[in-house]
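J.: Dropping the sequence and predicted coords here.
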Amino acid sequence: MRAATYRVPAAPGDKEDGECAVFYFGPGQGGGVEDNLKRWIGQFENAQGEPKRAKQTINGLNVTTIDLAGAYTGAGGPMAAAKVSKPGYRLLGGIVEAQQGAVFFKFTGPAKTVAAQQGAFQGLLKSVRR
């Protein structure tokens, strides 16, 4: 379930804002880390290079991050509108593994907008506590 959605103002020169969404489904829900990373990767066409993945510990919690770019096609699914390909997009994702269930952070938008706010996204991940 989507717990929060944040609009991220477009960087100068970008025509669209970015979006940072936070999802929490409860203990044992929402799928595994690898399944979610694969789904996010599948939302891009013409990926620009290999997705960058990293694992780290933040405040005692395991966190897996991903950074990928290309033409973003959105979340899709049976209730979603028809896919629209948005070239020049980027996704920063973070999956925080907690005893009460994983928390998923997904920041998408034009590449310049995402790059301009990459530090803020990292700060958001570092703010998560047990």
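T.: Happy to help now that I have it.

J.: hey, let's count contacts and neighbours off CA atoms from now on
T.: Will do.

J.: for Thr112, phi and psi?
T.: Careful, residue 112 is Lys; it's not Thr. phi -70, psi -40 (degrees, to the nearest 10).

J.: Spit out the contact partners of the residue most central in space within the chain.
T.: What sits nearest the mean C-alpha location of the chain, by Cα atoms, centre = their mean, is Lys106, with 2.1 Å. Applying Cα atoms under 8 Å, 6 or more residues apart in numbering, we find Lys106 in contact with 19-22, 91-94.

J.: let's go with 10 Å and repeat that
T.: Contact analysis of Lys106 by Cα atoms under 10 Å, 6 or more residues apart in numbering lists 5, 19-23, 40, 65-66, 91-95, 121.

J.: which one among these gets closest to Ala111?
T.: Lowest distance from Ala111 to these (Cα to Cα) belongs to Leu91, with 8.2 Å.

J.: which residues does the closest one bridge with?
T.: Taking DSSP bridges as the rule, Leu91 bridges to Leu68, Thr108.

J.: hang on, the earlier thing: what's the closest non-adjacent residue to the residue nearest to the centre of the chain?
T.: Leaving aside its sequence neighbours, Lys106 sits nearest to Gly93 (Cα to Cα, 6 or more residues apart in numbering; 4.5 Å).

J.: Number of residues surrounding that neighbour?
T.: Gly93 has 25 neighbouring residues, counting by other Cα atoms under 10 Å.

J.: One more: the one 4 residues further on?
T.: Residues lying near Glu97 (other Cα under 10 Å) number 18.

J.: Can you report phi and psi for it?
T.: Here Glu97 shows phi and psi, under degrees, to the nearest 10, equal to phi -90, psi 120.
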